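> no sequence on hand, only this structure:
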């Protein structure tokens, strides 16, 4: 575990491509990279939506294209960061096989194009529980329950989920309101039923299980490989829009927890998180410094500010 504070330093500008530059993580990362003086090419179906900037080049690309088409689009960059996620198409688009197939194609194209460095942004699901290297967090019913409780306790996170995932966010808002009533001692039968129903659904099979499993499985395309230079970053559990602090902690492989970081017992209130702005700082640092080549790492930061923030940004703002 280590702490990093971003401090601008003289760096040769890099030529970086961001896959999914108009999305949640991609838009914030592109803005961060441009602020550091790097040249950024946005690769997506509609990269022009991000705005206009002298250091930004929009390049239209369907990420489901043939591998040779992808390789041609990937050629010539110093670093490529994959922020691909189908969230813009709605909750129903978060499927297992399409995500894995896209990841497979991208890796083959990265190799074919001989890209010097590839950074993949995955999900929390590939991190393992403390002391259990063969058990990923998504295999823990307790993690799922404490994760849902953790995001429900954040007004900023619930607002983000409502904006980005529609029905899933609406259900989360109802759960949050019921939990607030319970804590205030004003919960009645209706609120108690909402809590019981929501948590039972989480225990049976959380609605996000399929996509989180895909993100977890995608790491297997990277683990142990030395035939291309890669880094795989998994955001910590509570990943949402928020303030850019410029300070973050990082660690390898293991779910970061507050308190006894070696114990996965009773994780409610112990899950770490990071704002999308601070994760962009961490990824930009990695693009410049390459400290985590061939490693699976995570990052977390201060999330005490619970003010809702934009899920997406433009580079000309």
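Nice, I can see it. Predicted model only: the values in this text are computed from it and were never measured.
> now residue 82, which residues is it bridged with?
residue 19, residue 120 (DSSP bridges).
> that one contacts residue 21, correct?
No: using Cβ atoms under 8 Å, residue 82 makes no contact with residue 21, being 10.8 Å away. C-beta: built from backbone N, CA, C; applies to glycine.
> what pLDDT does the model give the residue lying closest to residue 194 once chain neighbours are set aside?
Distances taken as Cβ to Cβ, 6 or more residues apart in numbering put residue 178 closest to residue 194, at 4.1 Å, once the chain neighbours are dropped. Per-residue confidence (pLDDT) for residue 178: 97.
> and residue 178, how many neighbours?
Neighbourhood size, residue 178 [other Cβ atoms under 10 Å]: 22.
> check which helix or strand covers it.
Assigned by DSSP states H and E, residue 178 belongs to helix 167-184.
> please apply the same query to residue 234.
Per DSSP H and E: strand 230-235 holds residue 234.
> what's the average pLDDT for that strand?
Rounded mean pLDDT across strand 230-235 is 98.
> got the residue ranges for the strands in the stretch 151-300 of the chain?
Here the stretch 151-300 of the chain has its strands, by DSSP state E, counting those that start in this stretch, at 230-235, 238-240, 247-252, 273-275, 296-300.
> for these, which one sits closest to residue 217?
Nearest of the strands of the stretch 151-300 of the chain to residue 217, taken as Cβ to Cβ: strand 230-235 at 12.3 Å.
> now for the closest one, which elements pack on it?
strand 118-121, helix 276-289, strand 296-300 (3 or more Cβ pairs under 8 Å, 6 or more residues apart in numbering; DSSP states H and E).
> and for the closest residue to residue 61 other than its chain neighbours, the neighbour number?
With Cβ to Cβ, 6+ apart as the measure, residue 43 is the residue that lies nearest to residue 61, at 4.5 Å, once sequence neighbours are left out. Neighbourhood size, residue 43 [other Cβ under 10 Å]: 28.
> could you look up the SS state of residue 43?
When classified by DSSP: H, G, I helix; E, B strand; the rest coil, residue 43 comes out as strand.
> repeat for the one 10 residues further on
Following three-state DSSP, residue 53 is assigned to coil.
> got it, and residue 57?
Put simply, residue 57 is strand when judged by three-state DSSP.
> what bridges to it?
Beta-bridge partners of residue 57, as defined by DSSP bridges: residue 41.
> picking up where we left off before, would you turn the helices and strands packed on strand 230-235 into JSON lines with mean neighbour count?
JSON lines is the format used below for the helices and strands packed on strand 230-235 (neighbours: other Cβ atoms under 10 Å):
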{"stretch": "strand 118-121", "mean neighbour count": "24"}
{"stretch": "helix 276-289", "mean neighbour count": "23"}
{"stretch": "strand 296-300", "mean neighbour count": "24"}
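> need the ones you listed in JSON lines with mean pLDDT and distance to residue 73, can you?
Listed next are those as JSON lines, based on pLDDT from 0 to 100; distance: least, Cβ to Cβ, whole Å:
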{"stretch": "strand 118-121", "mean pLDDT": "98", "distance to residue 73": "14"}
{"stretch": "helix 276-289", "mean pLDDT": "98", "distance to residue 73": "18"}
{"stretch": "strand 296-300", "mean pLDDT": "98", "distance to residue 73": "26"}
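> nearest to residue 27, of these?
Residue 27 lies closest to helix 276-289 among these, at 8.6 Å (Cβ to Cβ).
> pull up the pairing partners for the strand holding residue 234, direction included.
Counting by DSSP bridges, strand 230-235 is paired with strand 118-121 (parallel), strand 296-300 (parallel).
> quick one, what contacts residue 121?
25, 81-83, 233, 235, 279, 283 (Cβ atoms under 8 Å, 6 or more residues apart in numbering).
> the same query, at a cut-off of 6 Å, please.
The contact partners of residue 121, by Cβ atoms under 6 Å, 6 or more residues apart in numbering, come to 25, 83, 233.
> now flag whichever of the residues you listed is closest to residue 300.
Nearest to residue 300 among the contacts of residue 121, with distances taken as Cβ to Cβ, is residue 233, at 11.6 Å.
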